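I would like to see how this sequence folds:
(2 chains)
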Amino acid sequence: MAAFLEVENVHKAYFLNGKRIDVLRGVSVTIEKGELVSLIGASGSGKSTFLHVVGTLDAPAAGSLRFQGTSVFDLSDAEVAAFRNRTIGFVFQSHYLLPEFTALENVAMPALISRLDKKSSLNRARELLERVGLSHRAEHRPGELSGGESQRVALARALMLKPDLLLADEPTGNLDPATGEGIHALLREVNKDLGITAVVVTHNVELARSLPRQLRLTDGQVVSAA
Amino acid sequence: MSAPQARLQWTGALIASVGAAAIIIGGIRAGLGEALAADLASLLVGWAQLLPPLVGAGAVGTTLGLFAKPLGATPGEGLWLLGPGVVAWTVGWALLAKALQGDQKPVRPPSAAVGAPLYSKLAKAKDFYWDALAAYGFGVLLAEVGFVLVYVALVAPGAGKPNAAGGLSPVWAFSVAFSAAVVVAFIGGFLGAASSKRLATPEATAALLYFGLPIPVLLSAMHSVPALMTSLGYRLKEVVYLSSLLGENRPELGYWLVFAALALALFLGINFGFVANSSGKFDLRTSYEAFVSARHVSVFRPRLLLGVFSVLILGIVPPLIAFAIVSAAEAAADRTRIRKLGLKDPLLAAEALNELKLKQQTPTAMMTALSVGGVGVGVMALIIVLSVMSGFEADLQKKILGTNAHGVVMKYSLDMPEYADVMEKIGQVRGVAGQTPFILNEVMVSSEGNISGSMIKGIDPATVGSVTDLPSYMLPGGSLDGLEDPTKIHVKRLSPPPAPKEDVPGVVPDIERDPMIDTATPEEDEDAKAAAAMPGIVLGRELASSLKVVVGDRLNVVSPLGGELGPQGPMPKSRPFRVAGIFYSGMYEYDSKFVYIHLKEAQRFFGVKGASGVEIKVADVDDARAIMRRIYDSLDGWPYRTKDWGEMNRNLFAALRLEKLVMGIILSIIIIVAAGLIVATVIMLVLEKRKEIAVLKALGVPDGGIVKIFLGEGLQIGIAGGVLGLVAGLAWCFFIEKVGIKLDPQVYYIPSLPVRIEPVQTVLAVVIAVLITFLASIYPALKAAQVEPVDGLKSE
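Purely as a prediction, here's the structure:
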C-alpha cells in the first residue's frame, strides 16, 4: 500500500533582488497515517514554505507530492482546490478568519464551499464550536474574539470536513504559554480521537519534544530530529 | 542573447514592419484606406453612428487628409501590394518567433534541483495553444460565414424593394442570423478558453487578426474595388442592403458593427469559458459565492440605499446637510451617553466607545456607496433626458400631424382634375380615416402694415377637419365658415353702434374707413359691396401679428404664377382677400407661414384644374407608411405618388433622432465613468481582501469561485445603482409631467417641458448600465483569482 503522504525531492527557490535563495533543496519525507509530527527549524529555514507546498498552496519548481498514491501536482487546478477543501485542514499562525462572517459561519465555510446543505453545515459547525469550548461565541465576529478564541475557531474550521491531514503553522506562535497549551491539547485530542494525521510547525521546543515524531528543517533538507 | 539570434530578431521585425507598411500603402492606393480607416476609427472610438453627419460635413475625408487618394490613382491600383505585404508580414513574424525560441538566458551554475522531476505545471507549459487558436479562429470565422449564409438563406429576395416576396423580412432574418452568429462566436471563445484553461490573449489576438478580419475587410473592399463588386456584389446584395440599413447608408460601417459585436461575443465567451472551466468542470452554481460577495460589499443596506436615493432625488447638498445634522445629533447623543456611563462605570464607557469604533465605515464601504451613486446618476440622467427628448419628439409629432396630413397623394403633374375619383378609390382603402383635396403654392401676402412670403393652401372646408385639426386651432372670433361664405366673416368694429344703413346683411363696411368719422358715403357703399365679394382667407397667429391684421381685415395675395403676360414678361397676379379667421397651432413654422383659402378660390387664382393632391389621415399613425403603400397600390401607381408624414418631415425627425443618439452617447459616458468607478472599487476590494482571498483559496475555493465572488460584487453595485437610478429617474419624470417645469413662452413654443416615458428605452438604459458594470468587473475579478494564496497569507 502506498504511503499516506510522500514528499519527494522538492525544490523551491525565492528570488530577491536578482539573488536566488534556495529554500528547499530536495526535501523528501514520508508521513504515515495517524502520525502526529512536529517540524522545527530556524527562522527562515523554509518550514512555512514546506508546509505550504505540502498543502498545495505554493508551487515548487520541481519534485512530487503523493497523497495515498495520487500525484497531487498532476491534478487540475479545480481538483487541487477540491483536494484542499476535502482533505486538508489548515491552522495558521495568525487565525485568518474571514472578518465579515460570524464564528459559526467561519467554521461552516469549508462545508459551504463544497456546496453542502447550509443548515446541516451550520449545525455541525455549532457542534464543533462546542467541542472547542466556544459555543457561547458562535454569533460573534472575529474582531470580537480574543487571540486564543480565534485560534480555536480556526481549528474548528479546519476540522469542519473531517480532513485526513491537518497542517498547523505555528498555531501557538502568537499566544501565551497557557493558552498555547490549550491549543496543543486540542491538537493531540484531535489526532487521537479522530485519527487525523497532523504536521505541526513550531518554534516551541517543548511542544516539539512532546509530539511522537520530530522533524527538523536545516539547509533545505528535512531530517529527523530525534 | 547571441548575436545571430539578435540579428534574426531584428530582421524578422523589419520584414514584418515592411509587410504591414505594404498592406497599408496598398490598401490606401487601392482606395480602401479612406473608407476602412474612417470606419475602423469611428468604430473603435465607439461613436460609429456619428460618422454619417461628419462625413456629410466632409470632416473626416478632407480635414484629416490622411486617407485622401494619391493624385492620379485609379481604384484597385495598389492591390498588387497586398499579397506581398501579407507574405512579408507572416514571414517576419515567423522569423521573430524562431529568434525568440532560440533565445536563451546565460545559464547560472547548476542548482541542486537539476535532474529532479519538473513541477507538472512547468512541465506542461506550452509555447502556443494551437487548439485555443483553432477554437477562437474557427469560432469567429464560422460566425461570420454563418451570419452571411443564414441571412442570405432566410431573407426574402429583393427585400427593400416593394415587390419582395417569400422569406423573412430583413429585420427578422437579421435577428436570427445575428443571434446564431453571436452564439457561434461565444461558443468558440468558450471552448478555446476551456481547452487551454486560460484567457489565451495572444491566441485570441491572432484569431481575430487572421480569421476574423479577412471577411469584413473583403466586404468593405468590395465597395471600393469594382472588380470585386462585379464578382461578389450581386451574390451578396441582400447583405449589402442590410449593412447599409445598419450603418445608416454606409454598408462598410454595417460590416464592422457586426464584426465588433461578434468580437465582443468571442471576448465574453473567452471570459465565461475561463471562469467556468478553471474550476475544472462546467460549474455555474453560485451558492457560497453569492453569500460571500453579499457580505463583502453589503450594498443592500437600507442606510446606503436611502442615502444614495436621496442624493439622486434631492441633489447633493440637501442630503449632505441632513446627514450632517443627523450625525451631529447622533454624535452628541453618544457623547452624553458615554459620559454618563463613564460616571457610572468606566468599563461600560469603554465598551460603548469600542462599539462606536466598530460602526465606522471602511474606505471600501465609502467607495461602494460612491459607485452605486455613480451608476444611479448615470441611469437617472439617461432616463430623464431620453424621456424629455421623447416628449419633445411626441409633442412635435403631434403638432406636425395636427397641422399636416399623415400622408399625401400627389400626381406627377401640376394638377389632378380627377381628384373626386381618386378620393373615392382612397376611401375604400383600409386604414384611411379621412381625406381632403388641396392646392399648395407659394405666394406673397401683403397688408397695409407689412408683407410676408407664405405658403398658401387651398382647402375644402367641409372635409379639412377630417384630416387636420385646423378647425379646432381657430381662435375665437373667426372660423373656417368664412372661406365658404365670405358674408359670414365677422368684422370687428372699433366704432360705436353702426348706422342702420350699414347693417344690410352681407354688406360689411371696410375697415379702412375712419371709424371716428363713421359716416357712410355712397362711394363707401360701393366699397362695401366689393368687399362682400372678397373671398375669405385664414392665417396663422404669428403671421397675422406680423401683418398687423385682425379678422375682417383685408389682405392682398400676390402670386408670380398664373398672371397674364405683360410687355415685360409674366405679370404677377394679385388678389384681395378678407381675413376670415386666425389659427394657432402651437408650431411657430405653421403659425408664421401658412395661409388657407377655399379650394375653389385657389383653383381660380392659380389656374389649377381640380386639386394638386389629396391629403390623407390614417387610423394608426405608426402604420402610415404601410397604408400609404396600400393607397399607392389601389391607385395602380404611376402617375400617382404617395408620401407619409415621416417622409414629408424626414429632415426634422432625422435631426431629432440624431440629437437623441448624441445625448444617449454623452450620457452613456456618465455610465462609463461610473463603470470606471466600479473597476476602481472592485480593485480596492481585491486589494483589501487579499488575505481573505488567500484564506478562501486555502479552504478550497477554486479560481472560478473567486472570479464569481468578485463579479457578483460588481453586479450588486450595478444592480443597486441601476434600480435606484430607475426609480429616481421615473420619479423625476413623473414630477416633470405632473408638476411641470415651465418654459419661457417667449423662447419656447410649448408651455412646459414635455415628458414621455418609453418603457423599452427606459428598461434598455438600466439593462445597459448593469451590463456595463458587469463587464467592468471582469478585469478586477480575474485579478482577484490571480492572487496566490501564499502571497495573501504572507502579507501580514
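
pull the lengthiest strand in chain B out as CSV, backbone CA atoms only.
The residue-count maximum for a strand in chain B (DSSP state E) belongs to strand B:432-446. Below are the C-alpha coordinates for strand B:432-446, written out as CSV (Å, rounded to 0.1, in the frame of the first residue of the first chain):
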residue,chain,number,x,y,z
VAL,B,432,-57.9,55.6,-44.1
ALA,B,433,-59.7,57.8,-41.6
GLY,B,434,-60.2,60.9,-43.6
GLN,B,435,-59.1,62.8,-46.8
THR,B,436,-59.4,66.2,-48.3
PRO,B,437,-58.2,67.7,-51.6
PHE,B,438,-55.7,70.6,-51.5
ILE,B,439,-53.7,73.0,-53.6
LEU,B,440,-50.4,74.2,-52.3
ASN,B,441,-48.4,77.2,-53.6
GLU,B,442,-46.1,79.9,-52.6
VAL,B,443,-47.2,83.5,-52.5
MET,B,444,-46.6,86.9,-51.0
VAL,B,445,-49.2,88.2,-48.6
SER,B,446,-49.3,91.9,-48.1
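
so which bits of it are buried?
B:432, B:434-441, B:443-446 (16 or more other C-beta atoms under 10 Å in any protein chain shown). Where you see a C-beta, it was placed from the backbone N, CA and C, and this is true even at glycine.

average pLDDT across that strand?
Mean pLDDT, strand B:432-446: 84.

which strands and helices sit next to it?
helix B:419-427, strand B:451-459, helix B:541-547, strand B:554-559, helix B:599-606, strand B:613-618 (3 or more C-beta pairs under 8 Å, 6 or more residues apart in numbering or on different chains; DSSP states H and E).

quick check: buried residues in stretch A:101-119?
Within stretch A:101-119, judged by 16+ other C-beta under 10 Å, the buried ones are A:101-114, A:116.

mind listing residues that contact that stretch?
The contact list for stretch A:101-119 (C-beta atoms under 8 Å, 6 or more residues apart in numbering or on different chains) reads A:82, A:85-86, A:89, A:97-98, A:121-122, A:124-126, A:128-129, A:134, A:137-142, A:145, A:153-154, A:156-157, A:160-161, B:285, B:287-288, B:291, B:295, B:696, B:699-701, B:705.

the residue lying closest to B:Leu656 once chain neighbours are set aside - how many residues pack around it?
Leaving out its chain neighbours, the residue that sits closest to B:Leu656 by C-beta to C-beta, 6 or more residues apart in numbering or on different chains is B:Glu393, at 5.2 Å. B:Glu393 is flanked by 19 other residues according to other C-beta atoms under 10 Å in any protein chain shown.

tell me which element B:Glu393 is part of?
Element membership for B:Glu393, per DSSP states H and E: helix B:363-403.

now that helix, how far from the centre of its chain.
13 Å (C-alpha atoms, centre = their mean, to the nearest Å).

can you give me the angle that helix makes with strand B:613-618?
130 degrees (axes from the mean of the first three to the mean of the last three C-alpha atoms, to 10 degrees).

what does the average pLDDT come to for helix B:363-403?
82.

A:Gly143 contacts A:Leu98, doesn't it?
No: in this structure, A:Gly143 is not within contact of A:Leu98 by C-beta atoms under 8 Å, at 11.2 Å.

between these two, which is the more surrounded one?
A:Leu98 (21 against 11).

that older thread, which of the buried residues of stretch A:101-119 fall within helices?
Mapping the buried residues of stretch A:101-119 onto helices (DSSP state H) picks out A:Ala103, A:Leu104, A:Glu105, A:Asn106, A:Val107, A:Ala108, A:Met109, A:Pro110, A:Ala111, A:Leu112, A:Ile113.

contacting residues for the closest residue to the fifth one other than its chain neighbours?
Closest residue to A:Val107 apart from its sequence neighbours, by C-beta to C-beta, 6+ apart: A:Ala125 at 3.9 Å. For A:Ala125, the set of contacting residues under the criterion of C-beta under 8 Å, 6+ apart consists of A:Leu104, A:Glu105, A:Val107, A:Ala108, A:Ala111, A:Ala156, A:Met160.
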